[in-house]
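# Below is the sequence, then the predicted model.
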Amino acid sequence: MWQEMPEESWFCLTCATCKDNIFRDHCDFEEKCEEGMMMALTDCEPGKTLRGHKKREANYFGVVEGDTTFEGVQFKLYETDLCLARDGRRNILLRTCNPSSKEQRWLGFQFGQEMELQPLQKLTIGRDQVETCLTQHHHPRKGERVYAEECKKARRTTTNLWMTY
């Protein structure tokens, strides 16, 4: 239930160009995903098409477990060599897949269940190590940028949970 609306809503990740202000500006969707692009939410529904593409043709991620050097999994964009990566403190970008990159490893993945996705590397604030979670700033809506936020803030606003479908 978001903003007193009982209808079920579905959102997917899509490639986007976003402005620097993650709290105010929305993102512009891109037809073709390229390295360095950010991720934003778009409307979608399981089993339906996303922007006219067949399922598996655009903006679908596979899970790569491969390299056991680090914990976690990588999320690889279907039919590309691009993986989801945390870049700096908050940014979530597409980067060329590198199995030994800690920035591309994610904890918490559970197929078919609600999950809280956390970058393998914790964020350092002062002397503290802080857990961050994949989230968006607000209740989900089309065009909203996806980024890494302190988990306690994301949990408080209930924007910390994700599902696969």
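Looks like it came in fine.

# tell me which residues in stretch 145-154 are buried?
145, 146, 147, 148, 149, 150, 151, 154 (16 or more other CB atoms under 10 Å). For the C-beta atoms, the positions are set from N, CA and C on the backbone; glycine is no exception.

# who's in contact with the helix or strand of the chain with the lowest mean pLDDT?
When the helices and strands of the chain are scored by mean pLDDT, DSSP states H and E, strand 123-125 comes last with a mean of 74. Strand 123-125 is contacted by residues 89, 129, 130, 131, 132, 148, 150 when judged by CB atoms under 8 Å, 6 or more residues apart in numbering.

# Drop the exposed ones from those residues and show what's left.
Buried among the contacts of strand 123-125 by 16+ other CB under 10 Å: 131, 132, 148, 150.

# hmm, back to that, what is the nearest of the contacts of strand 123-125 to residue 26?
Of all those, residue 148 has the smallest distance to residue 26: 18.5 Å, by CB to CB.

# what separates the residue with the largest distance to the centre of the chain from residue 133, distance-wise?
Note on the chain: the largest C-alpha distance from the chain mean falls to residue 127, namely 26.6 Å (CA atoms, centre = their mean). In this view, residue 127 and residue 133 are 21 Å apart by CB to CB, to the nearest Å.

# and residue 17, how many neighbours does it have?
13 (other CB atoms under 10 Å).

# Correction: the previous question concerned residue 125.
10.

# can you offset everything so residue one is 14?
Shifting the count to begin at 14 puts that one at residue 138.

# Could you tell me which ranges of the chain sit under the pLDDT cut-off?
14-16, 33-38, 58-72, 78-82 (pLDDT under 70).

# Strands of that one, start to end?
Per DSSP state E, the chain carries strands over the ranges 24-30, 41-42, 51-56, 74-77, 87-90, 95-100, 104-109, 119-120, 131-132, 136-138, 141-143, 145-149, 159-163.
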